[in-house]
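Participant: Here is the input, now give the coordinates:
(2 chains)
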Amino acid sequence: MYVAVKGGERAIENAHRLLANARRGDQSVSEVTLDQISEQLGLAVDRVMSEGSLYDRELAALAIKQARGDLIEAIFLVRAFRATLPRFGASEPVDTGAMRVQRRVSATFKDIPGGQILGPTFDYTHRLLDPSLGQGFVPEVPATAEASTAPTPRVTDILGRDGLIESSPRAEDGASVGDLTREPLNFPADRDLRLQNLARGDEGFLLAMGYSTQRGYGRNHPFVGEIRFGEVEVEFFAEDVGFAVPLGSIELTECQMVNQFKGSATEAPCFTRGYGLAFGQSERKTMSMALVDRALRARELGEDAVAPAQDEEFVMSHSDNVQATGFVEHLKLPHYVDFQSELGLLRKLRKEFAEANAPDAMKEAAE
Amino acid sequence: MTQHNNQQVQRKAAMAVLAHAEAGEIAARLRALALPAHQELRAPENGLVMLRGRVGGDGAPFNLGEATVSRAAVRLASGEVGFGYTLGRDGEKARLIALCDALAQSSDFGEAVERDVIAPLREQLMIQRKQAAAETAATKVDFYTMVRGEG
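Facilitator: Model (predicted):
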């Protein structure tokens, strides 16, 4: 049991003043602006938006600045902020097939309609530190080429036409969409709740879980059917307006994982799939999410659920870094009362132990 | 198509452009118009919209995460009611979108707002998108079509 303590107000106030100074650092160095964070540390902003579960670049940049670059702390700040605003409703589901694609690659098919587009990627870089970035770097103007107007259908939709891959599950008529920010989590959880949980889950945790499936703990033979990153339009059905109103665009990354096939006496064999979707350019996150999404479908697909990544209670209960850090970090808050009672018990046990093991002579003397 | 539906399509198309513009750009364009009397029907308000995706991109919907959204409503003295919704927390932008939406429904101002506000902003948006598409296109993988050195 945690028993609160009182006192220490002045020390706490002074500690926060000191924190504000430590955050600012050497004041002869210019202060970073939110625009600079948003523009130049864009992938950190993307991660804070994804795991903070709130699409707002400016707020995510502010959170990163306030948290001194501690991304989990920033995610915590964003989660706390979202609780202060009313919810107007839910958007129409976004159409990733209509994405204005900035990057789109497939590891399974080299010739896909619309082509493979590398976009802004770390892939194929040599991972050598570049000293020129330390001295006022001005990049070359981007190359341009004539853009094709051909559509870029999802690769899984193309495979689906021939029945080579399972189709996506349809919503049952009148089914509501689960929301774990509104209802407590219950197990077994449906795929909508699992995907919501994974979408806001910690990238490091999901990466490790996904990696564990590749190393044999719930192997599911994955191929990247497609990764795409770009802008999608968001629409919201507003009651007062009477139609679905455009809200603007958001950046998303989508990963379609194509996995080992299944079949039965009554069903022709086909590939199975795992799905990843996240705010911003979050490739590692969506790939890991897709691996774990597929692993969590073990029971549904009649596989033995023996590995950690296949255990939905284990994965979903430990994926949230705000919950996790709250519980781990609370250990450093004063536990004096708790600890005193433990200490009292331990002293008593040690006394009993000493008495029980005392040499007979001493026992006799004592008697 | 009925006239009502037609107007709805136009309003939606205008909103799609305005949602991508900055508040300052919309305000600057609106200065070209002699604005009629109008009032705030709903003061700008910030809130959240839960963004949804679909399983596998085309399946059942699921909740991906929320976004900040600002909204407002404006009524012209002549009675037209306009609505403004936009991602982000810029209440002034929501109000300006609502004003444009009200003007778009007015027989006196519909044409002018399309010509002086929406059309130029749409053109600017298309130029930006075309530039981004051209930069993206330059990264399209071409190496499969190269002739192999055969010895």
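Participant: ok, residue 51 - contacts?
Facilitator: I went with chain A, as the question did not name one. Contact analysis of residue A:51 by Cβ atoms under 8 Å, 6 or more residues apart in numbering or on different chains lists A:71, A:75, A:200-203, A:321. Yep, even glycine has a C-beta here, placed from its N, CA and C like the rest.
Participant: nope, chain B please
Facilitator: Here residue B:51 is in contact with A:55, A:90-91, A:94, A:234, A:250, B:63-67 (criterion: Cβ under 8 Å, 6+ apart).
Participant: SS state for it?
Facilitator: With DSSP: H, G, I helix; E, B strand; the rest coil as the basis, residue B:51 sits in strand.
Participant: what is it paired to in the beta sheet?
Facilitator: Bridge pairing for residue B:51 (DSSP bridges) gives the partners residue B:65.
Participant: for chain B, which spans come out with low pLDDT?
Facilitator: For chain B, applying pLDDT under 70 flags the ranges B:1, B:143-151.
Participant: Helices of that one, residue ranges please.
Facilitator: Remark: helices assigned in chain B by DSSP state H are B:3-18, B:23-30, B:91-104, B:110-113, B:119-137.
Participant: among those, which is the most enclosed?
Facilitator: helix B:91-104 (a mean of 26; mean count of other Cβ atoms under 10 Å in any protein chain shown).
Participant: Just the angle for that one relative to helix B:119-137, thanks.
Facilitator: 120 degrees (axes from the mean of the first three to the mean of the last three Cα atoms, to 10 degrees).
Participant: that older thread, between the contacts of residue B:51, which is nearest residue B:76?
Facilitator: residue A:234 (27.5 Å; Cβ to Cβ).
Participant: nearest to residue A:359, of the contacts of residue B:51?
Facilitator: For the contacts of residue B:51, the nearest to residue A:359 is residue B:65 (67.9 Å; Cβ to Cβ).
Participant: How about the contacts made by the closest one?
Facilitator: Taking Cβ under 8 Å, 6+ apart, one finds A:49-50, A:53-55, A:196, A:199-200, A:279, B:50-51 in contact with residue B:65.
Participant: Then residue A:252?
Facilitator: Counted by Cβ under 8 Å, 6+ apart, residue A:252 has contacts A:94, A:96, A:99, A:229-232, A:277-280, B:53.
Participant: Where does it sit: helix, strand or coil?
Facilitator: Of the three states, residue A:252 takes strand under three-state DSSP.
Participant: distance of it from residue B:61?
Facilitator: Per Cβ to Cβ, to the nearest Å, residue A:252 is found 15 Å from residue B:61.
Participant: Likewise for residue B:28?
Facilitator: Taken as Cβ to Cβ, the span from residue B:28 to residue B:61 is 38 Å.
Participant: what number of residues lie near whichever residue of the stretch 101-250 of chain A sits closest to chain B?
Facilitator: Nearest to chain B in the stretch 101-250 of chain A, going by Cβ to the nearest Cβ, is residue A:168, at a distance of 2.7 Å. By other Cβ atoms under 10 Å in any protein chain shown, 20 other residues sit near residue A:168.
Participant: pretty sure it is in a helix, no?
Facilitator: No - counting by three-state DSSP, residue A:168 is not found in a helix; it is coil.
Participant: List phi and psi for the closest residue to it other than its chain neighbours.
Facilitator: Distance criterion Cβ to Cβ, 6 or more residues apart in numbering or on different chains; nearest residue to residue A:168, sequence neighbours excluded, is residue B:59 at 2.7 Å. The phi/psi pair for residue B:59 (degrees, to the nearest 10) reads phi -100, psi -150.
Participant: Kindly tell me how buried residue B:59 is, as a neighbour count.
Facilitator: Using other Cβ under 10 Å: residue B:59 sits among 19 other residues.
Participant: who's in contact with it?
Facilitator: A:167-171.
Participant: Select from these the one having the most neighbours.
Facilitator: residue A:168 (20 neighbours).
Participant: Surely that residue is in contact with residue B:54?
Facilitator: Yes - look at residue A:168 against residue B:54 with Cβ atoms under 8 Å: they come within range, at 7.0 Å.
Participant: Identify the contacts common to the two.
Facilitator: residue B:60.
Participant: Tell me the spacing between the closest residue to chain A within chain B and residue A:32.
Facilitator: Per Cβ to the nearest Cβ, residue B:59 is where chain B lies closest to chain A, at 2.7 Å. Distance from residue B:59 to residue A:32, counting by Cβ to Cβ: 41 Å.
Participant: Give me the three-state assignment for residue A:229.
Facilitator: Criterion first, three-state DSSP; result for residue A:229: strand.
Participant: and it, bridged to which residues?
Facilitator: Taking DSSP bridges as the rule, residue A:229 bridges to residue A:103, residue A:253.
Participant: didn't it look like it was pressed against residue A:100?
Facilitator: No - the pair residue A:229 / residue A:100 is not scored as a contact, 10.2 Å apart, by Cβ under 8 Å.
Participant: I am finished for the moment; much appreciated.
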